[in-house]
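Undergrad: the following comprises the amino acid sequence and a computationally predicted model.
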Amino acid sequence: MMSSSSAAHQLRQLKPLYQHVVNNFVAVLAAPLAVAAAVNAARVGPDELLRWAQALRAAHVFLALFVPAAAATLYLMLRPRSVYMVDYACFRTRPNCRVPFATFLEHAKLVTFVEGASIDERSVRFMTRLLERSGLGEETCLPPAHHYIPPYRNMEASRAEVELVIFSAIDDLLAKTGVSPGAIDILVVNCSLFAPVPSFTDMIIRRYGMRPDIRNVHLSGMGCSAGLISVGLARNFLQVAPRGAHALVVSTETITPNYYVGKERAMLLPNCLFRMGGAAVLLSTSRARARFRLSRVVRTLTGAQDGAYRCVFQEEDGEGHRGINLSKDLMAIAGDALKANITAIGPLVLPASEQLLFALSFMARRVLHRRVKPYLPDFRTAFEHFCIHAGGRAVIDELQRSLGLSDEDVEASRMALHRFGNTSSSSVWYELAYIEAKGRMRKGDRVWMIGFGSGFKCNSAAWECIQPARTAEGPWAESICRYPVDIPEVLKH
Ligand SMILES: CC(C)(COP(=O)(O)OP(=O)(O)OC[C@H]1O[C@@H](n2cnc3c(N)ncnc32)[C@H](O)[C@@H]1OP(=O)(O)O)[C@@H](O)C(=O)NCCC(=O)NCCSC(=O)CC(=O)O
């Protein structure tokens, strides 16, 4: 009798054949029909065929040609316009902003003596433990204001960080694409924890002298997944703007005002994880010179449940120190949000073979009262690259497990976390840049960006590569040769 493991092995070997048949179902069905038609035509002969053609009425011929042509024209006119990414640029961190672990911890120890701060020796020991396990490396960066004792957290220092990060990313992007600021019709910016007046979009419009009729939106309080919300919003604007319009999307998080000086453990965690970063992305409805096509944006929100709503929460602790409280339930909540998101995006991106297996397992579970394991679709059949928000080591672990991804699939996320830390909504762009800097992107490759964040939200964007980057410039230019690095579970110094 065949053992269950060898049966499973045989089934695995048959899977490529199954995928080939199901995914090419129309061709598999059409080929024998075409052969049968050709054989039949040969049997009846050309005279008979000509007689049939002459017997057709003009009205039938007209309908047979006009109806499909009209339907195709209507479809082409009414389908939403395609949106493309012309290019993107990430803020390139500077050596003078680096915070090796020793510097970070020494600085935190000195902050314990600052008047008003209640962060203490125990908090520093806790942060040491977290840093060792965080997956962050020695080159992540904090804004200049955080290198002072006490760290500056005022408006002026916060604005200085914004200007440093977003203006340099935008400068790089405009230089790369050759698009002038006056050609930008739509501007969408997201930054969750800092919403000054005038807004980020006003700062950008003033700095670059943009047109007075530019459509602009600043999204705040929307968490780390807001970058993909911005992309979705820009796409919606572009689809109703004149053809060839340009949208600039800027995603960042401002760290300066958010250094926490209390001793709540759940609020000390962001001090250890969040680091400087930002990205600027140029979208357009013109395909000319575009590098990627945006194929999907799918947003899911689980905030109607209390636990999900409160799991990333800005508040004051018992002593009045403001910070971000990250719940220990975050991983479970992220898992649920991911489930909701893949349920929504799966049918839009998975090939028919995976959808059929999923539907069969769903029905089997119904019939057999859940005694069959649910089938986890293989998203590697839909995407060649994965950019998973680098929220923390445990977040990437959870996603890798839930999606059944290989170590190579999540390499970009782990390396971005190591090199840049949790850069919030811009992390997925650093990951895309990693894949490109490694030379792994090919024309036609599909990319899945998955963002997580407060709310609690899980948002996805799917892209298709038209033209890979020609050079490894950008945020990884100096460090890509050292990556990938081995990241131990616990880093001991
Ligand atoms: C911090 C970690 C690297 C630690 O990893 P480990 O698995 O090795 O260790 P661990 O989970 O046992 O945690 C180590 C110690 O920290 C404590 N600990 C962990 N998480 C905590 C939390 N949220 N609140 C309070 N304490 C916490 C544990 O109790 C334990 O203490 P003890 O040993 O004493 O019991 C990991 O937990 C992690 O990556 N967490 C995810 C971080 C996260 O929430 N990221 C999302 C950021 S939000 C975001 O990106 C989006 C947004 O803001 O919108």
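TA: Done, it's in.
Undergrad: what is the rounded mean pLDDT of stretch 292-309?
TA: For stretch 292-309, the mean per-residue pLDDT is 96.
Undergrad: just give me how far it sits from the chain centre.
TA: A distance of 11 Å separates the C-alpha centroid of stretch 292-309 from that of its chain, computed with CA atoms, centre = their mean, to the nearest Å.
Undergrad: got it, and stretch 183-198?
TA: With CA atoms, centre = their mean, you get 19 Å for stretch 183-198.
Undergrad: which parts of it are buried?
TA: 183-194, 196 (16 or more other CB atoms under 10 Å). No exception for glycine: its C-beta is placed from N, CA and C like everyone else's.
Undergrad: out of those residues, which is nearest to the ligand?
TA: Closest approach between the buried residues of stretch 183-198 and the ligand, by CB to the nearest ligand atom: residue 192, at 6.3 Å.
Undergrad: that closest one reaches residue 453, doesn't it?
TA: Yes - Residue 192 is within contact range of residue 453, at 7.4 Å (criterion: CB atoms under 8 Å).
Undergrad: distance of the residue nearest to residue 347 when sequence neighbours are not counted relative to the ligand?
TA: Nearest residue to residue 347, sequence neighbours excluded (CB to CB, 6 or more residues apart in numbering): residue 355, at 6.3 Å. Using CB to the nearest ligand atom, to the nearest Å, we find residue 355 at a distance of 30 Å from the ligand.
Undergrad: average pLDDT for the helix or strand hosting residue 355?
TA: Using DSSP states H and E, residue 355 sits within helix 352-367. Averaging pLDDT along helix 352-367 yields 86.
Undergrad: export that helix to CSV, keeping only CA atoms.
TA: In CSV, the C-alpha atoms belonging to helix 352-367 read as follows (Å, rounded to 0.1, in the frame of the first residue of the first chain):
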residue,chain,number,x,y,z
ALA,A,352,-7.5,29.6,-11.8
SER,A,353,-5.7,26.5,-10.5
GLU,A,354,-5.2,28.0,-7.1
GLN,A,355,-8.7,29.4,-6.9
LEU,A,356,-10.1,26.0,-7.8
LEU,A,357,-8.1,24.2,-5.1
PHE,A,358,-9.2,26.9,-2.6
ALA,A,359,-12.9,26.5,-3.6
LEU,A,360,-12.7,22.7,-3.4
SER,A,361,-11.1,22.8,0.1
PHE,A,362,-13.7,25.3,1.2
MET,A,363,-16.5,23.0,0.0
ALA,A,364,-14.8,19.9,1.5
ARG,A,365,-14.6,21.7,4.8
ARG,A,366,-18.3,22.6,4.7
VAL,A,367,-19.3,19.0,3.8
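Undergrad: same for that helix, what does it pack against?
TA: Here helix 352-367 touches helix 4-23, helix 330-349, going by 3 or more CB pairs under 8 Å, 6 or more residues apart in numbering; DSSP states H and E.
Undergrad: buried set for the stretch of helix or strand residue 103 belongs to?
TA: Per DSSP H and E: residue 103 is located in helix 101-111. Within helix 101-111, the residues that qualify as buried are 101, 104-105, 107-109, 111, counting by 16+ other CB under 10 Å.
Undergrad: which strands and helices sit next to that helix?
TA: Helices and strands touching helix 101-111, by 3+ CB pairs under 8 Å, 6+ apart, are helix 121-134.
Undergrad: let me see the mean pLDDT of the helix it packs on.
TA: Helix 121-134 comes out at a mean pLDDT of 94.
Undergrad: helices or strands next to it in the packing?
TA: helix 101-111, helix 265-273.
Undergrad: what are the pairing partners of whatever helix or strand comes next after the shortest one, and which direction each?
TA: Helices and strands here follow DSSP H and E; after helix 265-273, the next one along the chain is strand 278-284. Strands that pair with strand 278-284, judged by DSSP bridges, come out as strand 83-90 (antiparallel), strand 246-252 (antiparallel).
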